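Asker: Okay, predicted coordinates and the sequence, questions at the end:
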Amino acid sequence: MDGYFGIALALIASTLRVSTPLLFASLGGLVSERSGVVNIALEGMMLVGAFGAAVVALSSGSPWLGAAAGAAAGLVFAVFYALIVIQLRADQIVAGTAMNMLAAGATPFLSKILYDSTGSTPGLPIDARFQFAPVVLAWAFVLLVWLWIAYTPSGMWLRFAGEKPEALEAAGVRVNRVRWTSVMLSGALAGIGGASLSIFLASSFSRNMTAGRGFMALAALIFGKWKPFPTAVACLLFGFADALQIRLQGVILWGTEPVPVQFIQILPYLATILVLAGLVGRSRAPRALGLPFRKP
Amino acid sequence: MSAFFSILRKLQPLIAVLLGLSLGLAVTMLAGEDPFNVLMILGRSAFGSPYDFGMTLFYATPLIFTGLAVAVPFHAGLFNIGAEGQLTMGALAAATVGIMFPSVSWPLAPLLGVLAAFSGGALWGFIPGWLRAKRGSHEVINTIMLNFVAAGLASWVTLYLLKNPDSQNPETSAVGPGYLLRHFEFFGDAPLSTALLLAIAAALAIWVFLFKTVKGFELRAVGQSERAAETGGISAARERILAMALGGGLAGLVGIGEVLGNAGRFKLGFSPEFGFIGIAVALLARNRPIGILLSALLFGALHKGASDLDLETENVTRDLSLILQSLIIVSVTAEGLWDWMRKRNVQPRIGGDV
């Protein structure tokens, strides 16, 4: 029994760890989408955040400065995204896809210039990495974002920008200003999510290291019906699937073949499809999601 | 003046390409390279020899299919960003048929392969089409999710069911010899197969279908105005499911060039995101099938051109192609940029966007 207890404990710890990048990124997605801006670009924001964090943590030796750089990198990237989709009214899905391509191309491009390698950045010493701080920070942010959206005036602006932008504009609040702020905040959060990949879970930035986590964060956001705590629970659930899948890799439970972990990997995505189809509960997007706002 | 701007509007894709290219090349100065030199390398590597041009066409082939896969649903008002998953399922289906029935001989075998590839992709397009039409859930999210599901399934089938026993690589065993397509000798070692002709034929067929048939008109009517279409007795649900399944099937045909025309088997991760580049291809061509042939050629050339940057420059790598592609997409899609150019020069029209 002791063995099983140990395994369970290790699984819980590992679930908390691997769900941390997802938590940050999906909170970022939540802030942007509740304000009415689709965020397919989460993947790219995470990727530049992971890169920026690795570079600064390496040169400064401080994980905190690294995380701040991750947030800054995500934010700058988000400014570019906001410029394209809010100011230039580009299609948000197309632009998001382009941003992801840009991040996938720009990070190895910069890595080559800085370190003469497109594969990965040099490894970080243990002092330049986080041990557990991001886990705590992530849950603190869940609480903060929830309080902000539910109980503050600016949180209400955010909700109105996503549900009824005309009403908000009529009340004298500039919709596009609210959306700009939300998208930038979204970039910073997703950037920290990326940072917690490169300087917490791993010890360097490697090419395309987000590997679809931005999209998984998006899935968690939809699964959590665009609400902070349900979204966080979805991140835990998806994190658990990920941890389980890592734990079972190559393990032979029955017969002679290892367990096909692919089926565990696809569970979060299947679950999201079912929730969205209303087969398990119902998930409704903010009403004005994806619609550029022009002054009437 | 308005004539001038209507010409400008027509040239918009070209201007966008030039803008995106210049921005991207300017970025190479960051890496201490001469942008003009990089451009020359791109051009030489894409078109410099029959082999190079053959490779450009080889990359253009899947992009024609994925461009069409995005365009057809777009005409019905749907956004298919699931071409990546659909092409995976198509290629996997073609390989599965080729492995299960290895002794089928030449004319029948590739036909069977085409059918399998189309069906595999069509199934993966049908699902989000059906979900949108019957359950109202958004196809963008569902296609993203299905991309990952397809990747998981393909990985399972490749590593557990059809694994090539003679290799450590994540690939299936080989399809029967009767399935393999012929290569064009003119292009030397480039694995350019008759799949290119299939792609061109598909583009022409889709053009005829969309713009010259009643069915195609109905499909586009739903994209123009759902309510008007329904009033005219067209079932929007049916057209949407059809558009997604057809789009998925077209993406699935990517498997022909890869499995029957190149590798002779399914290799995990063979696609450098052809499905996503297909969005750019369709967008640049404004979803016109014939335009897609040209824009697929451009993106194929960028992909091939950038592949030689690793060797020929000090600091710029093939990743530049991703940067160039993303900047081109942004320039094409930034509506406000074009409005701004126009507004600065003409009087606002009365009545707005009618």
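Answerer: The structure has been received and is ready for your questions.
Asker: B:P165 in helix, strand or coil?
Answerer: coil (DSSP: H, G, I helix; E, B strand; the rest coil).
Asker: give me the number of residues near it?
Answerer: Using other C-beta atoms under 10 Å in any protein chain shown, B:P165 has 5 other residues around it. (Each C-beta comes from the backbone N, C-alpha and C, glycine too.)
Asker: same check, this time on B:H183
Answerer: Counted with other C-beta under 10 Å, B:H183 comes out at 18.
Asker: Identify the residues contacting it.
Answerer: B:A190, B:P191, B:L192, B:S193, B:G261 (C-beta atoms under 8 Å, 6 or more residues apart in numbering or on different chains).
Asker: could you dump those to JSON lines with pLDDT, secondary structure and distance to B:F53?
Answerer: As requested, these are exported to JSON lines (pLDDT from 0 to 100; DSSP: H, G, I helix; E, B strand; the rest coil; distance: C-beta to C-beta, whole Å):
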{"residue": "B:A190", "pLDDT": "86", "secondary structure": "coil", "distance to B:F53": "8"}
{"residue": "B:P191", "pLDDT": "90", "secondary structure": "coil", "distance to B:F53": "13"}
{"residue": "B:L192", "pLDDT": "89", "secondary structure": "coil", "distance to B:F53": "9"}
{"residue": "B:S193", "pLDDT": "89", "secondary structure": "strand", "distance to B:F53": "15"}
{"residue": "B:G261", "pLDDT": "90", "secondary structure": "helix", "distance to B:F53": "17"}
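Asker: Most neighbours of all the residues you listed, which one?
Answerer: Going by other C-beta under 10 Å, B:L192 tops the contacts of B:H183 with 28 neighbours.
Asker: where does that one fall, phi/psi-wise?
Answerer: As for B:L192, its main-chain torsions (degrees, to the nearest 10) stand at phi -80, psi 120.
Asker: Would you state the helices of the stretch 1-150 of chain B in chain order?
Answerer: B:2-10, B:12-27, B:35-47, B:50-75, B:83-100, B:108-130, B:139-156 (DSSP state H, counting those that start in this stretch).
Asker: tell me the most buried of the ones you listed?
Answerer: Of all these, helix B:83-100 carries the top mean neighbour count, a mean of 29, counting by mean count of other C-beta atoms under 10 Å in any protein chain shown.
Asker: Relative to the whole chain's centre, how far out is that one?
Answerer: From the chain centre to the centre of helix B:83-100 is a distance of 16 Å (C-alpha atoms, centre = their mean, to the nearest Å).
Asker: Can you check what angle separates that helix from helix B:50-75?
Answerer: 120 degrees (axes from the mean of the first three to the mean of the last three C-alpha atoms, to 10 degrees).
Asker: helices or strands next to helix B:83-100 in the packing?
Answerer: The criterion is 3 or more C-beta pairs under 8 Å, 6 or more residues apart in numbering or on different chains; DSSP states H and E, and the helices and strands that helix B:83-100 contacts are helix B:50-75, helix B:108-130, helix B:139-156, helix B:236-252, helix B:254-255, helix B:274-284.
Asker: what's the closest of those helices to chain A?
Answerer: helix B:139-156 (3.8 Å; C-beta to the nearest C-beta).
Asker: Show me what the closest one is packed against.
Answerer: Helix B:139-156 packs on helix A:213-223, helix A:262-276, helix B:83-100, helix B:108-130, going by 3+ C-beta pairs under 8 Å, 6+ apart.
Asker: Averaging pLDDT over each of the ones you listed, report the lowest-scoring one.
Answerer: If those are sorted by mean pLDDT, helix A:262-276 sits at the bottom with a mean of 86.
Asker: can you list contacts of that helix?
Answerer: A:216, A:219-220, A:222-223, A:237-238, A:241-242, A:244-245, A:248, A:280-283, B:131, B:135, B:137-138, B:141-142, B:145-146, B:148-149, B:152-153, B:155-156, B:159.
Asker: any idea how far B:S321 is from A:M46?
Answerer: Distance of A:M46 to B:S321, computed by C-beta to C-beta, to the nearest Å: 22 Å.
Asker: Which one's more surrounded, these two?
Answerer: Between A:M46 and B:S321, A:M46 has the larger neighbour count (other C-beta under 10 Å), namely 36 against 24.
Asker: Residue of chain A closest to chain B, please.
Answerer: A:G105 (2.9 Å).
Asker: Give the helix, strand or coil label for that residue.
Answerer: helix.
Asker: mind checking which helix or strand the closest residue to it other than its chain neighbours is in?
Answerer: For A:G105, ignoring the flanking residues on the chain, the nearest one in space by C-beta to C-beta, 6 or more residues apart in numbering or on different chains is B:L322 at 2.9 Å. Using DSSP states H and E, the element containing B:L322 is helix B:320-333.
Asker: tell me how far that helix is from the chain's mean position?
Answerer: For helix B:320-333, the distance to the chain centre is 15 Å (C-alpha atoms, centre = their mean).
Asker: Against which helices or strands is that helix packed?
Answerer: helix A:92-115, helix B:12-27, helix B:274-284, helix B:289-307.
Asker: of all those helices, which lies closest to A:Q131?
Answerer: Closest to A:Q131 of the helices and strands packed on helix B:320-333 is helix A:92-115 (C-beta to C-beta; 24.9 Å).
Asker: so that closest one versus helix B:139-156, what angle?
Answerer: Using the same axes, to 10 degrees, helix A:92-115 lies at 50 degrees relative to helix B:139-156.
Asker: helices or strands next to helix A:92-115 in the packing?
Answerer: helix A:42-60, helix A:63-82, helix B:274-284, helix B:320-333.
Asker: which stretch among these comes nearest A:E163?
Answerer: Of the helices and strands packed on helix A:92-115, nearest to A:E163 by C-beta to C-beta is helix A:63-82, at 19.6 Å.
Asker: Could you check how far the residue of chain A closest to chain B is from B:G275?
Answerer: 17 Å.
Asker: just for chain B, where's the confidence low?
Answerer: For chain B, the stretches flagged by pLDDT under 70 are B:1-2, B:335-354.
Asker: which residues does B:H138 contact?
Answerer: A:L276, A:A285, B:R132 are the contacts of B:H138 under C-beta under 8 Å, 6+ apart.
Asker: OK, contacts around the residue nearest to the first one when sequence neighbours are not counted?
Answerer: What sits nearest to A:L276 in space, not counting adjacent residues and going by C-beta to C-beta, 6+ apart, is B:S137, at 4.1 Å. For B:S137, the set of contacting residues under the criterion of C-beta under 8 Å, 6+ apart consists of A:I273, A:L276, A:A277, A:G278, B:L131.
Asker: Next, give me the two most distant ones among those residues.
Answerer: In terms of C-beta to C-beta, those reach their longest pairwise distance at A:I273 and A:G278, which sit 10.8 Å apart.
Asker: And these two? Which one has more around it.
Answerer: Neighbours were counted for A:I273 and for A:G278 using other C-beta under 10 Å; A:I273 has more, 24 against 14.
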